[in-house]
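Visitor: Please find the sequence and the predicted model below.
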Amino acid sequence: MPIREVVESTPLVDNHAHAVEPLSRETVTESFASYFTEGDLSQENARHTLNYRAVVDLLAERFGDEDEATLLERRADVDIESYSRELLARTNTERILVDDGFPDVTPAEFAAYTDVDIRPIHRVENAAEELIPNHDSLSSFEDAFVDHLDDVLTAEFVALKTVVAYRTGLDVRRHDRDAIRGAYDAVRADWDGRIEDSVVNDHIVHLAADVAASHGVPLQFHTGFGDADAHPLFVDPTYLYEFLRAHADTPVVLLHGGYPYTRAAGYVTATLDNVFLDLSLATPFVQHGVEPLISQALELAPTSKLLYASDAFSVPELYVLAARRFRADLTSVLERLYRDGFVSERYAEDVARGILRENAVRLYDL
Ligand SMILES: [Zn+2]
């Protein structure tokens, strides 16, 4: 079978995404572009990312050749549940692993918006933030946190996820007991619902990695670009190197292709056996950059450790943009590698099936 046909026909396992949510009419007509940037941009600038221009084209394909304002009116009028089911059906996705930390629609409620099989992933900072107010000592918190993670992984959750990159950064260190206790007490004394202390955040991630290892499930890390309040330097996945070596029994997934540190992320993935690299969010956000993203990831990392995902959130159009962009660019990269003699056609087809579906099935034991 030609490479293109294998890429087009393989069902996707989307290992990092979020639920669709209902938006107010005003949100769609006035600030739809905000869903296609991770920046803190004015609408005037948000409307001029190439990712947003791609969704305007998608709306025109669905609603007809109208101007942008009319397309947004049409989009605001849809029945979001059936519209979302229609769009997700177009992506040929077999399974979505859904982060339960954002938006407010739970993974279970997401089932109303899609016929695709949903498996939930638990965000560890949210769990910690719910427990901290109820535990006045560090050891009491630790016991409750570990028990809670044990419970969710024994139930239907297939992995854990940390957003530490966008809180205090990826330079996750080991701290001594007195420092952790002091930091925990200070966080509690000044509690505002969010952990901004790096010592406490680092400790939570170490605890989560140990629980993930004991269940044999992955811990996902945001890396590279993402939230607008992240520091662009401290999202570089090379900061995680000591942590990853110290937790060699924990499978770790670096999310977002580490963009723009994609080559560094590929290097780490190629060095440590327990590390995997997901190519989401950069797919589809960087648009014509998705082809070099895939190409760079394939330079050093084993093909068995690369994973497709959309990181779609809130609006179903992101699922379509990601799936289309990724299939088109994976095809062109693999065809080029075959043409230039780096891979056989048969191996290129195995790589396609692996990245789109089978690597995730194996890693998450789906
Ligand atoms: Zn993400």
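Guide: Cool, the structure landed.

Visitor: For the rest of this, base every contact and every neighbour count on C-alpha atoms.
Guide: OK.

Visitor: for this structure, what's the longest helix?
Guide: helix 317-339 (DSSP state H).

Visitor: That one - contacts with which helices or strands?
Guide: helix 3-9, helix 50-63, helix 80-89, helix 282-285, helix 290-300, helix 345-353 (3 or more CA pairs under 8 Å, 6 or more residues apart in numbering; DSSP states H and E).

Visitor: Report all helices and strands that the last one contacts.
Guide: With contacts defined as 3+ CA pairs under 8 Å, 6+ apart, the packing partners of helix 345-353 are helix 3-9, helix 317-339.

Visitor: Now do that helix and helix 290-300, the angle between them.
Guide: Counting by axes from the mean of the first three to the mean of the last three CA atoms, to 10 degrees, helix 345-353 lies at 110 degrees to helix 290-300.

Visitor: Could I get the average pLDDT for helix 345-353?
Guide: The average pLDDT for helix 345-353 rounds to 98.

Visitor: buried sites along it?
Guide: Of all the residues in helix 345-353, those buried under the rule 16 or more other CA atoms under 10 Å are E345, A348, E349, D350, V351, A352, R353.

Visitor: If you drop the residues flanking it in sequence, what lies closest to the last one?
Guide: The shortest distance from R353 to any residue that is not its chain neighbour, by CA to CA, 6 or more residues apart in numbering, is 6.3 Å, and that residue is T10.

Visitor: what does the second one give?
Guide: Leaving aside its chain neighbours, A348 sits nearest to L334 (5.9 Å; criterion: CA to CA, 6+ apart).

Visitor: again, but for the third one
Guide: Leaving aside its chain neighbours, E349 sits nearest to I3 (5.7 Å; criterion: CA to CA, 6+ apart).

Visitor: distance of the one you found from L337?
Guide: 11 Å (CA to CA, to the nearest Å).

Visitor: Compare neighbour counts for those two and give me the winner.
Guide: I3 (21 against 16; other CA atoms under 10 Å).

Visitor: on that earlier part again, and the residue nearest to R353, what does it touch?
Guide: Going by CA atoms under 8 Å, 6 or more residues apart in numbering, T10 touches N92, R353, L356, R357.

Visitor: Output those residues as CSV; include the columns secondary structure and distance to A309.
Guide: Formatted as CSV, the contacts of T10 follow (DSSP: H, G, I helix; E, B strand; the rest coil; distance: CA to CA, whole Å):
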residue, secondary structure, distance to A309
N92, coil, 13
R353, helix, 14
L356, helix, 8
R357, helix, 10
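
Visitor: Skip the chain neighbours and tell me the closest residue to F313.
Guide: Nearest to F313 is H18, by CA to CA, 6+ apart, at 4.6 Å.

Visitor: hang on, isn't that neighbour packed against F102?
Guide: Yes. Applying CA atoms under 8 Å, one finds H18 in contact with F102, separated by 6.6 Å.

Visitor: With neighbour numbers in mind, choose between those two.
Guide: H18 (28 against 18).

Visitor: any idea how far Y319 is from the more buried one?
Guide: 10 Å.

Visitor: So for those two, which residues contact both of them?
Guide: Contacts common to H18 and Y319, judged by CA under 8 Å, 6+ apart, are D311, A312.

Visitor: Could you pull out the strands in the protein for me?
Guide: 12-17, 93-99, 117-123, 160-162, 219-222, 252-255, 275-278, 280-281, 306-307 (DSSP state E).

Visitor: Now do stretch 246-259, average pLDDT.
Guide: Rounded mean pLDDT across stretch 246-259 is 98.

Visitor: who touches it?
Guide: 16, 209-210, 212-213, 216-226, 235-237, 244, 264-265, 272-283, 293, 297, 311.

Visitor: Where does the prediction get shaky in the stretch 151-300 of the chain?
Guide: Counting by pLDDT under 70, the stretch 151-300 of the chain contains no low-confidence segment.

Visitor: Okay, and the beta partners of the closest residue to V158 other than its chain neighbours?
Guide: Spatial nearest neighbour of V158, chain neighbours left out: I121 (5.8 Å); criterion: CA to CA, 6+ apart. Per DSSP bridges, the residues bridged to I121 are D99.

Visitor: Go ahead and confirm I121 touches L160.
Guide: Yes. Using CA under 8 Å, I121 is in contact with L160, at 5.6 Å.

Visitor: who's in contact with the residue nearest to F313?
Guide: V98, D99, D100, F102, P103, P107, D311, A312, F313, S314.

Visitor: What separation do you get for the residue lying farthest from the centre of the chain and L219?
Guide: Taking CA atoms, centre = their mean, the residue of the chain most remote from its mean C-alpha position is D178, at 34.1 Å. With distances taken as CA to CA, D178 is found 26 Å from L219.

Visitor: Can you tell me the number of residues neighbouring the residue nearest to V158?
Guide: With other CA under 10 Å as criterion, I121 counts 27.

Visitor: how close does it sit to T154?
Guide: Going from I121 to T154 by CA to CA gives 12 Å.

Visitor: if I pick L337, what's in contact with it?
Guide: V343.

Visitor: returning to that earlier point: mind putting the contacts of T10 in a markdown table, distance to R194 included?
Guide: Output for those, formatted as a markdown table (distance: CA to CA, whole Å):
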| residue | distance to R194 |
| --- | --- |
| N92 | 37 |
| R353 | 40 |
| L356 | 35 |
| R357 | 35 |
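
Visitor: By neighbour count, which of those residues wins?
Guide: L356 (27 neighbours).

Visitor: Thought L307 was touching it, still the case?
Guide: Yes. Using CA under 8 Å, L356 is in contact with L307, at 6.6 Å.
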